[in-house]
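Trainee: next one to model:
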Amino acid sequence: MATTAHAAPYERSVVLVVEDEPLLRMMAVDLVEEAGFEPLEAANADAAVKLLESRQDIRIVFTDIDMPGSMDGLLLAAAIRDRWPPIEVILTSGHVHVSEVMLPERCVFFSKPYDHTRLTATMRGMAGQA
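Mentor: Here you go, the predicted model:
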């Protein structure tokens, strides 16, 4: 497939989707692909950390807050901010509403069900394509 001169850089940006519910993860991956990003998937924060440790191209992490395992999405966001500061983080939950005071620095929160247009615009803004 040929790349045109006007192709936006965000089309190559990698977004890591972290969601323990398989159907919701599949829907989030589809949204990321439709927005022009390359998706990666992880079923929990532990798997996400392994991917973050093994890849240098992840630009954005889109994570659920409520997940089983050694850490939830808020702890994952704090770990990302500490270990991988350039990576942008989007948190989401259908059960918990998080105030900006609770969010780690440079993290954005979306309640489920999220607005696909706003979420896409946020990802593109994080990738420098606002």
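
Trainee: so where's the chain shaky on pLDDT?
Mentor: Scanning the chain with the threshold set as pLDDT under 70 gives 1-11, 99-101, 130.

Trainee: the same query, at a cut-off of 50, please.
Mentor: Low-confidence segments of the chain, defined by pLDDT under 50, are located at 1-11.

Trainee: which parts of it are helices?
Mentor: Ranges of helices within the chain are 22-34, 45-54, 73-83, 116-126, based on DSSP state H.

Trainee: grab the nearest non-local neighbour of the spatially most central residue of the chain.
Mentor: Among the residues of the chain, the smallest C-alpha distance to the mean C-alpha position (C-alpha atoms, centre = their mean) belongs to Phe62, namely 1.6 Å. Here the nearest residue to Phe62 in space, its sequence neighbours aside, is Ile90; by C-beta to C-beta, 6 or more residues apart in numbering that works out to 4.6 Å. In this view, the C-beta of every residue, glycine as well, is placed from N, C-alpha and C.

Trainee: hmm, back to that, need the winner for burial among the helices of the chain.
Mentor: When you average the neighbours per residue for each of those (mean count of other C-beta atoms under 10 Å), helix 73-83 leads with a mean of 19.
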